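Asks: Sequence below, structure please.
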Amino acid sequence: MTSDPDIFRAARFVIDEHSEEATTYAAGRADLLREDGDIEGSAVWLRILAAIEEVQPGRREGETVN
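Replies: I've put the predicted structure just below:
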């Protein structure tokens, strides 16, 4: 099992590499791994995706502007 610090390090790396497209990239990796039958790898990318959404600055999808 990948530790939370590792997940957040990976999330920050993906954000640095893909900026605004980080969530799309992580979701795509999770989907590809799931389609290839790598359920554990997909689960790790879903955790990275959740961490990206938690730490990435800016408005999240579905969030309203006041």
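
Asks: Just the mean pLDDT for stretch 15-25, thanks.
Replies: On average, the pLDDT along stretch 15-25 is 95.

Asks: middle-most residue in the protein, spatially?
Replies: By CA atoms, centre = their mean, the chain has its centre lying nearest to residue 49, at 1.8 Å.

Asks: The closest residue to it other than its chain neighbours: helix or strand, and which one exactly?
Replies: Residue nearest to residue 49 in three dimensions, not counting chain neighbours: residue 26, with 4.0 Å by CB to CB, 6 or more residues apart in numbering. Backbone N, C-alpha and C define where each C-beta goes, glycine included. For residue 26, the element it lies in under DSSP states H and E is helix 22-35.

Asks: How about residue 37?
Replies: Going by DSSP H and E, residue 37 is not in any helix or strand.

Asks: Off-centre distance for the strand or helix carrying residue 7?
Replies: Element membership of residue 7 [criterion: DSSP H and E] is helix 4-18. Centre-to-centre, helix 4-18 and its host chain are 8 Å apart (CA atoms, centre = their mean, to the nearest Å).

Asks: so where does residue 53 fall, helix or strand?
Replies: Using DSSP H and E, residue 53 maps to helix 39-55.

Asks: Can you give the distance from that helix to the centre of its chain?
Replies: 4 Å.

Asks: buried set for it?
Replies: By neighbour count with 16 or more other CB atoms under 10 Å, helix 39-55 contains the buried residues 42, 44, 45, 46, 47, 48, 49, 51, 52.

Asks: My read is that the fifth one contacts residue 7, right?
Replies: Spelled out, that is residue 47. Yes - taking CB atoms under 8 Å as the definition, residue 47 is a contact partner of residue 7 at 5.0 Å.

Asks: Near residue 37, how many other residues are there?
Replies: Other residues within reach of residue 37, judged by other CB atoms under 10 Å, total 8.

Asks: check contacts around it.
Replies: Residues counted as contacts of residue 37 (CB atoms under 8 Å, 6 or more residues apart in numbering): none.
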